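*Asks:* any chance you could fold what I've pasted below:
(one chain, ligands or ions: 1)
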Amino acid sequence: MTGLKKIKTAVFISGRGSNLNNLIKFSKTKKSPIIIDLVISSKKAFGLKYANQHKIKNKIINFKKNKIAEKNCLTILNKRNIKFICLAGFMKILSNDFIKKFKGKIINIHPSYLPKYKGLNTSVRALQNNEKFSGCTVHYVAAKLDSGKIILQKKVKITKNETVSSLDKKIIKEEHKLYRAAVLKIFN
Ligand code: GRF
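*Replies:* From the prediction side, this is the model:
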């Protein structure tokens, strides 16, 4: 795909940004249907360095007041003509109103095999419950947390001596592959 035809995409982050980095790298490949045009962060996050490295427009938006924050997001999203949003470790919950404005155009990655373990500390809970596997899921964002239609998911085996950190490492590796595959699935 040529740069001109690619879908203008924003990535929303709050932290480390490894999924952002992965999406940026992917977006620069020929087969990517998306181009990352904007990064929005809910705070001064480590992941912003990837946006800066690649000279991608980025903005920190304070989400203490959700309504104002979303209004500010919409202004910049519209100004830049953004058509698609990827949440990647974004720790704020978007309102139904906001989601409706980008209906079917916001996706998220979650570190569990949904519908199991919605919310936070997914690996801790999976290990506490002696699960045989966890995983990761890319899904559409719906008003209810981690409950939108599933696009793709991948199981990750939990081994005998698994720790939260070893499991998280295995999952994040799969997340990076899954996020690319999900974007390709949506647009191809
Ligand atoms: C990932 O595990 C993602 O599934 C979850 O938050 C984490 C973000 O990691 N929503 P990173 O900031 O992309 O490295």
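
*Asks:* so how far is Met91 from the residue nearest to Ile60 when sequence neighbours are not counted?
*Replies:* Leaving aside its sequence neighbours, Ile60 sits nearest to Ser41 (Cβ to Cβ, 6 or more residues apart in numbering; 5.1 Å). (C-beta placed from N, C-alpha, C; glycine too.) Counting by Cβ to Cβ, to the nearest Å, the gap from Ser41 to Met91 is 10 Å.

*Asks:* more crowded one of those two?
*Replies:* The residue with more neighbours, out of Ser41 and Met91, is Ser41; 24 against 14, by other Cβ atoms under 10 Å.

*Asks:* and the more buried one, what does it touch?
*Replies:* Ser41 sits next to 12-14, 47-48, 58-61 when contact means Cβ atoms under 8 Å, 6 or more residues apart in numbering.

*Asks:* which helices and strands does the host helix or strand of Lys67 pack with?
*Replies:* Secondary structure assigned from DSSP states H and E places Lys67 in helix 66-79. Secondary-structure packing of helix 66-79 (3 or more Cβ pairs under 8 Å, 6 or more residues apart in numbering; DSSP states H and E): strand 34-41, helix 96-101.

*Asks:* quick check: Phe84 touching Lys103?
*Replies:* No: between Phe84 and Lys103 there is no contact under Cβ atoms under 8 Å: 11.8 Å.

*Asks:* between those two, which one's more packed in?
*Replies:* Phe84 (23 against 10).

*Asks:* now the more buried one: closest residue in space, sequence neighbours ignored.
*Replies:* Thr9 is the one closest to Phe84 (Cβ to Cβ, 6+ apart), at 4.5 Å.

*Asks:* so how far is the ligand from the residue nearest to Ile60?
*Replies:* Ser41 sits at a distance of 10 Å from the ligand (criterion: Cβ to the nearest ligand atom, to the nearest Å).

*Asks:* contact partners for the nearest residue to Phe12 once chain neighbours are set aside?
*Replies:* Nearest residue to Phe12, sequence neighbours excluded (Cβ to Cβ, 6+ apart): Phe90, at 4.0 Å. With contact set as Cβ under 8 Å, 6+ apart, Phe90 has these partners: 12-14, 42, 108.

*Asks:* columns neighbour count, pLDDT and distance to Gln53 on top of those, output as a markdown table?
*Replies:* Compiled in a markdown table, the contacts of Phe90 are given as follows (neighbours: other Cβ atoms under 10 Å; pLDDT from 0 to 100; distance: Cβ to Cβ, whole Å):
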| residue | neighbour count | pLDDT | distance to Gln53 |
| --- | --- | --- | --- |
| Phe12 | 24 | 99 | 18 |
| Ile13 | 28 | 98 | 14 |
| Ser14 | 19 | 98 | 18 |
| Ser42 | 20 | 98 | 20 |
| Asn108 | 23 | 98 | 24 |
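
*Asks:* near the ligand, which residues of the protein show up?
*Replies:* Contact residues, the chain versus the ligand (Cβ under 6 Å from any ligand atom): 15-19, 47, 88-89, 109-111, 172, 175.
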